[in-house]
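Chemist: Starting from these lines, generate the structure:
(one chain, ligands or ions: 2)
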Amino acid sequence: MKDIKNICCIGAGYVGGPTMAVIADKNPTIKVTVVDINAERIAAWNDENLDNLPIYEPGLAEVVSRARGRNLFFSTEVDKAIEQSEIIFISVNTPTKTYGKGKGMAADLKYIELCARQIAEVAKTDKIVVEKSTLPVRTAEAIKTILNQTGPDSYRDGVNFQILSNPEFLAEGTAITDLQEADRVLIGGDQTPEGKEAIQALVDIYAAWLPKERILTTNVWSSELSKLTANAFLAQRVSSINAISELCEATGADVNEVAKAIGMDSRIGPKFLQASVGFGGSCFQKDILNLVYIAKSLGLSKVADYWEQVIIMNDHQKIRFASKIVSTLFNTVSGKKIAFLGWAFKKDTNDTRESAAIYVADQLIDEQANVCVFDPKVKIQKMYDDINYLDSRTDQLNKRHLQVVSNPYEACKDAHAIAILTEWDEFKDYDWQRIYDQMKKPAFLFDGRNILDRKKMKGIGFEVYSIGKA
Ligand code: NAD
Ligand code: UGA
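Modeler: Numbering: from 1, shown residues only. Ligands and ions are numbered 1, 2, ... in the order given. Next comes the predicted model:
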């Protein structure tokens, strides 16, 4: 295989940005260009002030500052980057469809198709096209058809495309260490001589920093399906422990103790057993719905029902948490201030996609509560966009019931209750006595992440509800 000198990545989002930054950092002789149609996002990636990068991720600014301008570039010139590169990653969004067949379940592949068509139009030399986005199994087939059958005839004849699947397993908030110390990298490709050559070219890029044993190669379909399966298994663990949390509350067992006890069994393991208000994030729900849709489309209704239950349980957990707040506050929150600490779907990210906070706030606003939010990283407008996106009521009404402040003490002052929605570390270090003193009494604390010391909080005077504790 000829030497790889230029890589292009289409999509400068939560995956494309950090992934390419690390690839560039570890492969200083390869020019890596990340392109996006969103000019504002690209401008933010190019901002001299690293605090203005479009994504907050611990360690990201350091990596970007080392590689940007040396061999890492962010640009809106998509065609040029495609033309110049030997490898093209597609890392665009693949949201759940909101229209037509498969609405609410299937992955919307319109952005992927647009990329494939654009590559076909522009490419004049052989390309390795890498699926980095999470895609339904057998998408590579559609990409291959588009690449080989569209584009100007004059180019098509002489240009060969190899399609690889290289799903990303990073989690937000730990993206940089997940990339730098990946458990594994998965590369699926055709088992033909040309396919194997393409696989090897991508293996070499990751081998710049990862041991060869961690780079796993498979056929394309196994790779595509492994990504959906990994997310389904992870989300299933959260729904499983959350199901047990409700049982704990009804029986006097303590979910943290149960999680510890089962997690010490090396077959189960301790990770991903933290009971919570429900999982959020852009992918768990989307990818499981996609898996369910694929199973249904293949007539595998028992398989579909099995995985759908993970989502049903997660929805139940969010509803249960909001209902608990209402019932504890004497069955009415109308006109009451409820402070939210956290809006992001997990700590150490400014991403709010599918965050449980949005759904809990929506339910409380339905009950006419006044929700006052503090989050260390999420911008005010993002929170209004999130709540408006649900379309439950007018923007004006949302603004009346959802207030956003930049200080946690202000959020909690005169509140009837505090709800912890994100597990930001800094919440543990607050002056909880001061917070308690400034609240309405009785002062209720709903710890949706079980991060606070329950005994200590009770000692201060709070009425405490923690997930999975009686
Ligand atoms: P994102 O929305 O943050 O970024 C996608 C970017 O692609 C956007 O900036 C958008 O403007 C750009 N884009 C869309 N169409 C384009 C086009 N035709 N040309 C140029 N740019 C275009 O999405 P993301 O979170 O980075 O996710 C991307 C993919 O990676 C998804 O399939 C997702 O399931 C998967 N994934 C995400 C994560 C995660 O933690 N967010 C982790 C693993 C996998
Ligand atoms: C998840 C996977 O962990 C990544 O491997 C995958 O690449 C990514 O999805 C993706 O495909 O997008 P992410 O959603 O960024 O990553 O974050 P997670 O750490 O998995 O957390 C997801 C949600 O589950 C969060 O809301 C988190 O608070 C919640 N969670 C997680 C729990 O409630 N309990 C746990 O024990 C773990």
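Chemist: can you give me how far stretch 242-256 is from the chain middle?
Modeler: Offset of stretch 242-256 from its chain centre (C-alpha atoms, centre = their mean, to the nearest Å): 27 Å.
Chemist: so does stretch 15-29 get close to ligand 1?
Modeler: Yes. With C-beta under 6 Å from any ligand atom as the criterion, ligand 1 is reached by stretch 15-29 at 15-16. C-betas here are computed from N, CA, C, even on glycine.
Chemist: ok, how many other residues are close to the closest residue to residue 254 other than its chain neighbours?
Modeler: Closest residue to residue 254 apart from its sequence neighbours, by C-beta to C-beta, 6 or more residues apart in numbering: residue 469 at 5.4 Å. By the criterion of other C-beta atoms under 10 Å, residue 469 has 19 neighbours.
Chemist: heads up, I number from 122, so please use that
Modeler: Yes, from this point I'll number from 122; that puts the last item at residue 590.
Chemist: does residue 590 count as helix, strand or coil?
Modeler: Three-state call for residue 590 (DSSP: H, G, I helix; E, B strand; the rest coil): coil.
Chemist: what's near enough to touch it?
Modeler: When contacts are counted by C-beta atoms under 8 Å, 6 or more residues apart in numbering, residue 590 touches 369-370, 375-377, 571, 575.
Chemist: Save these as TSV, and put in pLDDT and neighbour count too.
Modeler: TSV is the format used below for the contacts of residue 590 (pLDDT from 0 to 100; neighbours: other C-beta atoms under 10 Å):
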residue	pLDDT	neighbour count
369	98	22
370	98	19
375	98	19
376	98	23
377	98	20
571	97	21
575	97	17
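Chemist: Distance to residue 184 for the residues you listed - can I get that in CSV?
Modeler: Formatted as CSV, these follow (distance: C-beta to C-beta, whole Å):
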residue, distance to residue 184
369, 41
370, 43
375, 40
376, 37
377, 35
571, 32
575, 38
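Chemist: when you check the residues you listed against the helices, which ones overlap?
Modeler: 369-370, 376-377, 575 (DSSP state H).
Chemist: out of these, who's nearest residue 189?
Modeler: Residue 189 has its nearest neighbour among the ones in helices among the contacts of residue 590 in residue 377, at 42.4 Å by C-beta to C-beta.
Chemist: ok, now which ones touch the closest one?
Modeler: Contacts of residue 377 by C-beta under 8 Å, 6+ apart are 396, 571, 589-590.
Chemist: rerun at 7 Å
Modeler: residue 571 (C-beta atoms under 7 Å, 6 or more residues apart in numbering).
Chemist: Next, count neighbours for the closest residue to residue 552 other than its chain neighbours.
Modeler: Spatial nearest neighbour of residue 552, excluding adjacent residues (C-beta to C-beta, 6+ apart): residue 530 at 7.9 Å. If you count neighbours by other C-beta under 10 Å, residue 530 ends up with 14.
Chemist: Spell out which residues of this protein are next to ligand 1.
Modeler: With C-beta under 6 Å from any ligand atom as the criterion, the chain meets ligand 1 at residues 131-137, 156-159, 162, 199, 212-215, 232, 235-236, 254-255, 289, 291, 293, 403-404.
Chemist: How about the residue of the stretch 422-571 of the chain found nearest ligand 2, nearest residue that isn't a chain neighbour?
Modeler: Closest to ligand 2 within the stretch 422-571 of the chain is residue 467: 3.8 Å, counting by C-beta to the nearest ligand atom. With C-beta to C-beta, 6+ apart as the criterion, residue 467 has its nearest non-adjacent residue at 5.6 Å, and that residue is residue 294.
Chemist: before we move on, what SS does that neighbour have?
Modeler: Here residue 294 is coil, with the state taken from three-state DSSP.
Chemist: show me the contacts for it.
Modeler: 467-470.
Chemist: Among those, which one lies nearest to residue 261?
Modeler: Using C-beta to C-beta, the contacts of residue 294 come closest to residue 261 at residue 470, 29.5 Å.
Chemist: ok so, going back, show me the residues of the chain next to ligand 1 that map onto strands.
Modeler: 131, 156 (DSSP state E).
Chemist: Which is the succeeding secondary structure element to the worst-scoring helix or strand of the chain on mean pLDDT?
Modeler: For the chain, using mean pLDDT, DSSP states H and E, the weakest element among its helices and strands is helix 274-277, scoring a mean of 59. Counting by DSSP states H and E, the element after helix 274-277 in chain order, helix or strand, is strand 282-286.
Chemist: do that following strand and ligand 2 meet?
Modeler: No. Remark: strand 282-286 sits outside contact range of ligand 2, by C-beta under 6 Å from any ligand atom, the gap being at least 13.8 Å.
Chemist: Okay, and the closest residue to residue 282 other than its chain neighbours sits in which element?
Modeler: Once flanking residues are discounted, residue 282 sits nearest to residue 268: 4.4 Å by C-beta to C-beta, 6+ apart. For residue 268, the host element (DSSP H and E) is helix 260-270.
Chemist: shaky segments in this structure?
Modeler: 122-123, 272-278 (pLDDT under 70).
Chemist: where do the strands sit along it?
Modeler: 127-131, 152-156, 193-196, 208-211, 248-252, 282-286, 306-309, 336-339, 458-462, 491-495, 523-525, 538-541, 565-568, 584-587.
Chemist: Residues of the stretch 322-471 of the chain that sit close to ligand 2?
Modeler: Going by C-beta under 6 Å from any ligand atom, the residues of the stretch 322-471 of the chain near ligand 2 are 352, 355, 359, 393-395, 397, 400-405, 466-467.
Chemist: before we move on, the earlier item: using JSON lines, lay out the contacts of residue 294 together with distance to residue 306.
Modeler: Formatted as JSON lines, those follow (distance: C-beta to C-beta, whole Å):
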{"residue": "467", "distance to residue 306": "23"}
{"residue": "468", "distance to residue 306": "25"}
{"residue": "469", "distance to residue 306": "23"}
{"residue": "470", "distance to residue 306": "22"}
